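K.L.:
here is my input, please return the structure:
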Amino acid sequence: MEMPVVLNVELPGIPLFRRGKVRELFDLGDTLLLVATDRLSAFDVVLPNGIPGKGIVLTQLSAFWFEWFAERVPSHYLTTELPEQFSAYRGILQGRSMLVRKAERIPVECVARGYLAGSAWAEYRTSGMVAGVRLPCGLRESERLPEPLFTPAVKSDTGHDENITFDELVKRVGEELAERLRERTLEIYVAAERYARERGVIIADTKLEFGWIGGELAVIDELLTPDSSRFWDVEQYEPGRPQPSFDKQFVRDWLLASGWNKQPPAPALPPDVVEKTAEKYREAYRRLTGRPVPYLDVRER
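P.N.:
Numbering: from 1, shown residues only. Next up is the predicted model:
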C-alpha cells in the first residue's frame, strides 16, 4: 500500500506552539505534542516534495534513543502514545507524534564529530583546524578523528548554521554551561557510536539540542536520527572519499549535482531519489533497533 506524504498538520482548536522546518509543535498546556512531518530540508531550505514515512522514522528512532538513554540522560520525551483527545486525528498523527515536556531551549547546536566529513572536512582542508581545534596533518576525508570533537554552532542572521569555537560558546552561555554541554554531547555520542557500530552503522557525527526543564539540563527536539546525524555503512566504509550513507546526504548530493544554487525555491526531487531516500531512512531504523519500522513495514507486508 502506498504511503501518503504528510507535509503539513493542522489540528483545529489546538494552538500551534511553533512550526519548524520539519516539525509542528502544538501547545497542550504543561506539555507539547511534537509532530514530525515528511518535509525534508537541505542546506536550510525546505524541499517542495517530502519523503513518505520520514516523519514516522524520525519519531520512532528518536523515541528508541530517548528510551535507550533514559537512565543516563534526562530528556523532554514522555511517550509516543497519543492522548485520547487526538483520537479523531489518529490517521495522520499515529507513529509520527510524541508527547514531550516543555523546555527553555538553549540557543546552541551541539555537534559531536567522530569523523572528518561535511563542513568539518571543508574547514580542515582550508586551515587544518575544525572549530578552533588544530588537527594532525594529512587526515583524509571521512577519516576517524583521534578523538571525538565537540563543535558548537549557532544560527546566523541568514538562518544557516554557523560553526563557532568553544571560547565563543563560553562567551554566549558561560563557562560552566559550555563545559556541561560539551561533556553531555560527547557522552551521548560516544555511547551511541559504540552501540551503532556493533550493528553495522557508523555515526560519523550528530547534532543535539538541549534545554532546561525544571532546572535540569535535558536533551530536546530529536535524537540521533538520519536528519540530525551522518550514518554510514560499516562494511562499505573507506576513508579518503565520501561514504555511502543512511541519511539525507543522498539528497544533498543530488541537489549539488543538479546545479541548484542553495537558494529557495529548491528543485523538486525526482521519484527515484524520493524512493531511495525513504528506504535509506527505514534501513537506518532497522539496523539500529533490530526491528521493523512501526506503521511502515507492517503496512507494506
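K.L.:
helix, strand or coil for the residue lying closest to Gly114 once chain neighbours are set aside?
P.N.:
Nearest in space to Gly114, with sequence neighbours left out and distances taken as Cβ to Cβ, 6 or more residues apart in numbering, is Pro148 at 4.7 Å. Heads up, the C-betas are built off the backbone N, CA and C, glycines and all. Here Pro148 is recorded as strand under DSSP: H, G, I helix; E, B strand; the rest coil.
K.L.:
how many other residues sit next to Pro148?
P.N.:
Other residues near Pro148 come to 17 when the count uses other Cβ atoms under 10 Å.
K.L.:
ok, the one 5 residues further on next?
P.N.:
For Ala153, the tally of surrounding residues (other Cβ under 10 Å) stands at 18.
K.L.:
tell me the spacing between it and Lys262.
P.N.:
Applying Cβ to Cβ, to the nearest Å, one obtains 17 Å for the distance of Ala153 from Lys262.
K.L.:
could you do Arg72 as well?
P.N.:
Taking Cβ to Cβ, one finds Arg72 at 38 Å from Lys262.
K.L.:
quick one: which of these two has more around it?
P.N.:
Between Arg72 and Lys262, counted using other Cβ under 10 Å, Lys262 has the larger neighbour count: 13 against 10.
K.L.:
need the contact list for the closest residue to the more buried one other than its chain neighbours.
P.N.:
Of all residues beyond its chain neighbours, the one nearest Lys262 is Phe43 (4.4 Å), with distances taken as Cβ to Cβ, 6+ apart. Shown here is Phe43, whose contacts under the criterion Cβ atoms under 8 Å, 6 or more residues apart in numbering are His160, Arg252, Leu255, Lys262, Ala266.
K.L.:
show me the shaky parts of the stretch 101-250 of the chain.
P.N.:
In the predicted model of the stretch 101-250 of the chain, residues 156-160 satisfy pLDDT under 70.
K.L.:
what about the strands in it?
P.N.:
Applying DSSP state E, counting those that start in this stretch to the stretch 101-250 of the chain gives strands spanning 104-105, 110-115, 129-130, 133-134, 144-150, 153-155, 161-163, 201-213, 216-220, 229-233.
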